[in-house]
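[1] Predicted model follows, preceded by the sequence.
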Amino acid sequence: MAEDLEEQSSGFDVSRYLGIVRRRHLQFLIPLFLGWALVWGASWVLPPRYESSTLILVEQPTMPKDYVTPNVNDDLQARMQSITQQILSRTRLLRIINAMNLYAGGGRKPPTPDDKVDHMRKDIEIELVKNARDTITAFNVSYTSRDPRLAQQVTSELTNLFINENLEVRQQESEDTTKFLEAQLESARKTLADQEDKIREFKGQHVGELPTQVGSNLQILAGLQSQLQTEEDALNTAKQQRVYLETLVNQYRSLQGSPKGEGGGALQGLPAVDAELDKLRAQLADLSSHYTDRHPDVRKVKEQIAKTEKIRDQLVADLKAKASAPQADPNAANATPDAAEMRDPSSPMVQLQGQLQANRVEIANREHSVADLKTKVVDYQARLNQEPVREQQLSDLTRGYDQSKANYDELLKKKNGSAMATSMELLQQGERFSIIDPPSLPLKPIFPNRLKFCGIGLGVGLALGALVAGAFEMMDDRIYDQKELQKLLPVAVISEIPAIVVEADERNERQRLWLGWAAAVFVSVTILLGSVFSFLRG
């Protein structure tokens, strides 16, 4: 029972594995060295590949956005994707491949242009650099090639393409935005001009009926009504004057038609004339209390008074002349008085007839003026009645005009801002790419990484040595351990025969030992030197 516990506790037998190392060290070291040498040597046989890279900074616009607002897409990541797709397009890459004679190939079958393009796309790497706010601040462009100088040249060409393409894309987007706004502005201008023409045509068709002319129409209507009232008063006065003149003419004719010995007709006419004079003088007194002597109505009444007094004086003179004249044949006197009197311009009858004719003309003119004024009053009243309708119609037109004007002003403001932004882009004052680190000239290849290959070879050698040594140990049927021998015997061992060692065996054992140490030192030193050489030469 104690022996079973001892066997279970001693699961890892150090002496046994040390014995295996002493016996199989050469079978372990030789595969170890060969495996390492094979992998490490392959790193020097494989064609090296050099990577040249450059760092491009994304510079923000030098002009503050408060002064000039950019008119291009602010999404740099989307624009970078678009620029990358354009640069990595087949046409652009083939131009670089043909210019620098890339991927010429040395085999029997030369690569096709599509193969060259695919190969170059795999050799190009673009890495974005973002800050804590996930904003692109810079990006790396790298290219891998077997020739370090060629890698540097291609990287420089790709860098120039990125910088120039970004400028072209921003300038093109800015110009397209400005052209679009110009087209929209021209369309808005035409719409605004059409609205202005409609308003101008409407105002031309409805002159005097517009809402802005209500005040003037009311003033004109009030003036016309005042003129109409004045003209009607003047017409009434003229008609009264006509009646008065006709009465005088009839009385004078009756006076002239009576016999010379009879003065009753003249006597009957004098009271009428005196009554008219009293009436006119009363009217003059009333007007003088309101107006000055230069007022037209006052002057007119004075003229009528003067004419009436002249007629009265003439009647009085005629009466005196008839009273002192001898009696004549009444038939002869009655036959020619009117004719003789009508030929005398200073006769009262002629004056009365002229005044009556002038009064008739005045009445006709007054009636025409009254009719004309009534027509104008009706016209202006109709204009005032149409004003609410015209106001609504003009309001509809004005609303469309105001909307078009606001749209035009807004587009004009945007167009001016876009034109300023385009000028900024053309002057390269907007967002642009600048090189921080120029394309590097690689001194060490990125593939193969010989130091890494050295480590891989060491791991492969260790695995191969352990596999070979283990295989030799498993195929060896000899017993080297006392415990294994005791397991094979059916009885317990009660005595031991010491090993008989001859000088030749000791000499062979020492040679094997020195050979093992020499092999171990050689392998270790070689691997160490190979690692140092790989580190220094890359």
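    It's in. These numbers come from a predicted model, not from an experiment.
[2] Tell me where the stretch 1-150 of the chain is predicted with low confidence.
    For the stretch 1-150 of the chain, applying pLDDT under 70 flags the ranges 1-21, 64-67, 71, 105-108.
[3] One more pass at 80, please.
    Within the stretch 1-150 of the chain, the ranges that satisfy pLDDT under 80 run 1-26, 42-47, 60-76, 104-110.
[4] Just the strands from the stretch 51-200 of the chain, written as ranges.
    Here the stretch 51-200 of the chain has its strands, by DSSP state E, counting those that start in this stretch, at 124-130, 136-145.
[5] Check the offset of the first one from the chain's centre.
    What separates the centre of strand 124-130 from the centre of its chain is 33 Å, taken as Cα atoms, centre = their mean, to the nearest Å.
[6] neighbouring strands for that strand, and are they parallel or not?
    Partners of strand 124-130 in the sheet, by DSSP bridges, are strand 136-145 (antiparallel).
[7] Now do the buried residues in the strand it pairs with.
    A138, F139, V141, S142, Y143, T144, S145 (16 or more other Cβ atoms under 10 Å). No exception for glycine: its C-beta is placed from N, CA and C like everyone else's.
[8] cool, stretch 437-444 as well?
    For stretch 437-444, by 16+ other Cβ under 10 Å, it's P439, S440, P442.
[9] which one of the residues you listed sits closest to P48?
    P442 (9.6 Å; Cβ to Cβ).
[10] and that closest one, that's in a helix?
    No: going by DSSP: H, G, I helix; E, B strand; the rest coil, the assignment for P442 is coil, not a helix.
[11] Using TSV, lay out the strands of the stretch 51-200 of the chain together with distance to D118.
    Formatted as TSV, the strands of the stretch 51-200 of the chain follow (distance: least, Cβ to Cβ, whole Å):
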stretch	distance to D118
strand 124-130	11
strand 136-145	14
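[12] Tell me how many other residues crowd L411.
    When neighbours are defined as other Cβ atoms under 10 Å, L411 has 20 of them.
[13] cool, the one 3 residues further on as well?
    Other residues lying near K414 total 18 when counted by other Cβ under 10 Å.
[14] Repeat that for the one 3 residues further on.
    Here the number of neighbours of G417 (other Cβ under 10 Å) works out to 16.
[15] before we move on, what about Y408?
    Applying other Cβ under 10 Å, we find 20 residues neighbouring Y408.
[16] Quick one: classify it as helix, strand or coil.
    Taking three-state DSSP, the label given to Y408 is helix.
[17] how far away is it from A421?
    Y408 sits 20 Å away from A421 when distances are taken as Cβ to Cβ, to the nearest Å.
[18] What helices and strands are in contact with the helix or strand hosting G470?
    Using DSSP states H and E, G470 falls within helix 450-475. The contact analysis (3 or more Cβ pairs under 8 Å, 6 or more residues apart in numbering; DSSP states H and E) places helix 450-475 against helix 14-45, helix 503-537.
[19] For V129, give its distance to Q219.
    Relative to Q219, and taking Cβ to Cβ, V129 is found at 78 Å.
[20] wait, I meant A520
    From A520 to Q219 the distance is 127 Å (Cβ to Cβ).
[21] who has more neighbours, the two?
    Neighbours per residue (other Cβ under 10 Å) separate A520 from Q219, with A520 holding more: 15 against 11.
[22] And that one, how far from L29?
    If you go by Cβ to Cβ, the gap between A520 and L29 works out to 6 Å.
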